[in-house]
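Student: Build me a model from this:
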Amino acid sequence: MTDRAPVSLSPEDIAAVKSWVIHEDASVIAFSKPPGLSSQGGRIQAHTLDDLLWAFARSNGKRPDLVHRLDRDTSGVILAAKTKPAAGFLGKAIQAHKLTKTYLALVSAGPEPASGDINVPLVRQEIGRESYMRVAAFDAKGAQGSRSRYRTLSASEDGALVELQPFTGRMHQLRVHMAHVGRPLIGDVRYGGALTAAGRAAPRLMLHAVSLTFPHPEGGERTVTAGPPDDFRALAAVMGLVFPPQADRN
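Tutor: From the prediction side, this is the model:
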């Protein structure tokens with residue numbers, strides 16, 4: 001798949017990335033990415049998930065390639081293609097918006113209304129070495145359309161568990177959209193999220209990719225799911241929030 005130079009991995013690195021596999025077949029491999037791990041690139045001098053894919057290199061030097069990304073602090077389902085035809089097929093599917101991504105997030109208060117559609121243009125801004133997305137007028141220079149759907153699954157005095165679905169793939173889209181409706185994600189310092197909930201410090205950006213449905217290169221559709229990690233579950237429990245069965249996938 002890739003012609004880049006191999007990355008040297010320790011036995012611990014290899015064991016870790018193999019433990020994150022939640023689905024594998026001849027064409028694709030899906031992982032439940034832990035929080036704190038960059039998908040690709042980044043300025044932190046540590047292995048990324050992309051680096052760790054060398055653990056699956058074949059004897060001919062080819063290895064899987066990621067077909068999309070998650071933010072460093074976002075946990076959950078991420079997909080890689082194992083062959084060049086699969087990568088091309090999935091790339092076209094992404095461009096045609098044929099992947100259905102579902103996320104869970106924790107916010108400090110329940111959205112009003114409890115569910116809805118957010119459809120606003122976004123524009124990218126560079127501030128120093130950091131990139132941000134901002135809501136913009138539809139005719140603003142560089143503005144791109146973006147749309148997401150949210151639904152409250154559980155609420156308490158301390159906040160809410162919401163389900164999010166992006167219909168477009170803009171950078172930080174879900175984070176900016178929830179901030180736009182006055183409900184930034186807990187732990188999201190960049191977009192105004194609270195740093196604590198129910199008296200407990202947020203361990204990170206509280207966003208988890210719980211499922212991904214995609215057209216499979218070999219035909220039909222596949223859905224892969226990953227239950228929320230312990231840090232997400234623990235903060236939700238302290239907040240008095242309950243996971244509905246359909247959101248508590250493992």
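Student: thought residue 135 was touching residue 124?
Tutor: No. Using C-beta atoms under 8 Å, residue 135 is not in contact with residue 124, being 11.8 Å away. Just so you know, the C-beta spots here come from the backbone N, C-alpha and C atoms, and that holds for glycine as well.
Student: For burial, what's the neighbour tally of residue 73?
Tutor: When neighbours are counted by other C-beta atoms under 10 Å, residue 73 registers 16.
Student: What residues does it make contact with?
Tutor: Shown in contact with residue 73 (C-beta atoms under 8 Å, 6 or more residues apart in numbering): 35, 36, 187, 204, 205, 207.
Student: Backbone torsions only: list them for the residue nearest to the first one when sequence neighbours are not counted.
Tutor: Taking C-beta to C-beta, 6 or more residues apart in numbering, and ignoring the residues beside it in sequence, residue 35 has residue 75 as its nearest neighbour in space, at 4.4 Å. Listed backbone geometry of residue 75 is phi -100, psi 170, with angles given as degrees, to the nearest 10.
Student: repeat for residue 90
Tutor: phi -70, psi -30.
Student: between the contacts of residue 73, which has the most around it?
Tutor: Counting neighbours by other C-beta under 10 Å, residue 207 leads those with 26 neighbours.
Student: My guess is it contacts residue 186. True?
Tutor: No. Contact criterion C-beta under 8 Å: residue 207 and residue 186 do not qualify, at 9.2 Å.
Student: so where's the chain shaky on pLDDT?
Tutor: For the chain, applying pLDDT under 70 flags the ranges 1-4, 42-46, 246-250.
Student: For this protein, which segments are assigned as strands?
Tutor: 21-24, 28-33, 65-66, 75-81, 100-107, 115-119, 122-127, 130-135, 147-156, 159-166, 196-197, 200-201, 207-215, 221-225 (DSSP state E).
Student: Now render those strands as a markdown table, adding distance to residue 9.
Tutor: Below are those laid out as a markdown table (distance: least, C-beta to C-beta, whole Å):
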| stretch | distance to residue 9 |
| --- | --- |
| strand 21-24 | 15 |
| strand 28-33 | 15 |
| strand 65-66 | 16 |
| strand 75-81 | 16 |
| strand 100-107 | 28 |
| strand 115-119 | 40 |
| strand 122-127 | 33 |
| strand 130-135 | 29 |
| strand 147-156 | 36 |
| strand 159-166 | 32 |
| strand 196-197 | 36 |
| strand 200-201 | 32 |
| strand 207-215 | 24 |
| strand 221-225 | 24 |
